[in-house]
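Asker: Provided below are the primary sequence and the corresponding predicted coordinates.
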Amino acid sequence: MRRQKHHATVADIAALLNVPVSGDASRNVTGIATLREASAADLSFLGPMKYLDQFLTTRAAAVIVDCSVKLTGNGSSHGNAPAARH
């Protein structure tokens with residue numbers, strides 16, 4: 001049986017979670033992965049600050065950032081993925 005690929009935009013996911021987006025909300029998301037393993041079409045999550053180095057280098061389409069994590073600037077401290085605060 002072939003799995004269907006589902007996709008949504010970062011804006012769609014942020015609306016479901018009722019969180020703001022910092023970055024390009026029009027990016028498509030088709031999967032979920034760890035910060036380290038994420039591709040340009042994956043959603044990821046940053047919880048503990050100990051994973052900040054992975055956040056800074058992730059290729060994820062978007063990252064949900066726990067509200068306990070202190071980021072500098074506009075909430076997205078790396079150039080690739082939009083960040084949604086949760």
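Answerer: Received the coordinates, thanks. Every value quoted in this text rests on a predicted model; they were computed, and no experiment measured them.

Asker: Per-residue pLDDT of I64, please?
Answerer: I64 is assigned a pLDDT of 93 by the prediction.

Asker: no, scratch that, I was asking about H6
Answerer: H6 carries a pLDDT value of 70.

Asker: What of I32?
Answerer: 95.

Asker: Identify the bridge partners of the nearest residue to it once chain neighbours are set aside.
Answerer: In this structure, I32 finds its nearest non-sequential neighbour in L43, 5.1 Å apart by Cβ to Cβ, 6 or more residues apart in numbering. Just so you know, the C-beta spots here come from the backbone N, C-alpha and C atoms, and that holds for glycine as well. Taking DSSP bridges as the rule, L43 bridges to I32, A62.

Asker: For L43, give me its contacts.
Answerer: Residues in contact with L43, defined by Cβ atoms under 8 Å, 6 or more residues apart in numbering, are 13, 29, 31-33, 60-64.

Asker: buried stuff in stretch 57-76?
Answerer: Residues of stretch 57-76 classed as buried by neighbour count (16 or more other Cβ atoms under 10 Å): 58-65, 69, 71, 75-76.

Asker: Looking at those, which are in helices?
Answerer: Among those, DSSP state H puts none in helices.

Asker: Among those residues, which lie within strands?
Answerer: Within the buried residues of stretch 57-76, residues falling in strands by DSSP state E are 62-65.

Asker: coming back round to it: which one of the contacts of L43 sits closest to D53?
Answerer: Distance to D53 across the contacts of L43 (Cβ to Cβ) is lowest for V63, with 13.2 Å.

Asker: Surely the closest one touches L56?
Answerer: No. Counting by Cβ atoms under 8 Å, V63 stays clear of L56, with 10.4 Å between them.
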